[in-house]
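Engineer: sharing a model prediction with you, sequence too.
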Amino acid sequence: MTGAKGGDLLCAADLIPEGQARGFAVGSGAGRRDILVVRRGGQLFGYVNSCPHTGSPLDWTPDRFMSPDGQHLMCATHGALFRVEDGYCVSGPCAGQSLAQVPVADHGGHVRIVNR
Ligand code: FES
């Protein structure tokens, strides 16, 4: 991304294979943010790991974010489904709302949060 500086290092890019997601805790104490990064079509998408319905984390167990068919991000609590590409909720109690986006990018084989 032009003009973007490298931010917090999350992991090696190959640890997030196509169609899969991974969760991260960034920072500590009151500044801690839980986020997830998912790869689709070779692109990385980052979101705050908090469901718009109740604020619960989305994952069933650590790093289990995908729906059984692998097409959507899925909330473990009440089954809301979110588009991978923009975090928009297409089904469930928070339909029409969206996950909060976190800009991420692959910088030289490492996934980082993009500082703007
Ligand atoms: S907390 Fe996510 S669907 Fe209810």
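Structural biologist: Arrived safely, thanks for sending.
Engineer: tell me which residues are up against the host helix or strand of Val114.
Structural biologist: Element membership of Val114, judged by DSSP states H and E, is strand 110-115. Residues outside strand 110-115 that contact it (C-beta atoms under 8 Å, 6 or more residues apart in numbering) are 1, 4-13, 15-16, 26, 35, 37, 44, 46, 102-105. Every residue, glycine included, has its C-beta placed from N, CA and C.
Engineer: of the residues you listed, grab the buried ones for PyMOL.
Structural biologist: Under the burial definition 16 or more other C-beta atoms under 10 Å, those of the contacts of strand 110-115 that qualify are selected in PyMOL by:
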select buried, resi 7+8+10+13+16+35+37+44+46+102+104+105
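Engineer: show me what contacts the most centrally placed residue in the chain?
Structural biologist: The residue lying closest to the centre of the chain (C-alpha atoms, centre = their mean) is Leu36, at 3.0 Å. By C-beta under 8 Å, 6+ apart, the residues touching Leu36 are Ala21, Arg22, Gly23, Phe24, Gly46, Tyr47, Asn49, Leu58, Asp59, Phe65, Leu73.
Engineer: who does the helix or strand in which it is found pair up with?
Structural biologist: Assigned by DSSP H and E, Leu36 belongs to strand 33-40. Here strand 33-40 is paired, per DSSP bridges, with strand 21-26 (antiparallel), strand 43-48 (antiparallel).
Engineer: shaky segments in this structure?
Structural biologist: Scanning the chain for pLDDT under 70 picks out 1-6.
Engineer: what does it have sitting close to the ligand?
Structural biologist: Residues of the chain found near the ligand (C-beta under 6 Å from any ligand atom) are Cys51, His53, Thr54, Ser56, Cys75, Thr77, His78, Ala80, Gly92, Pro93, Cys94.
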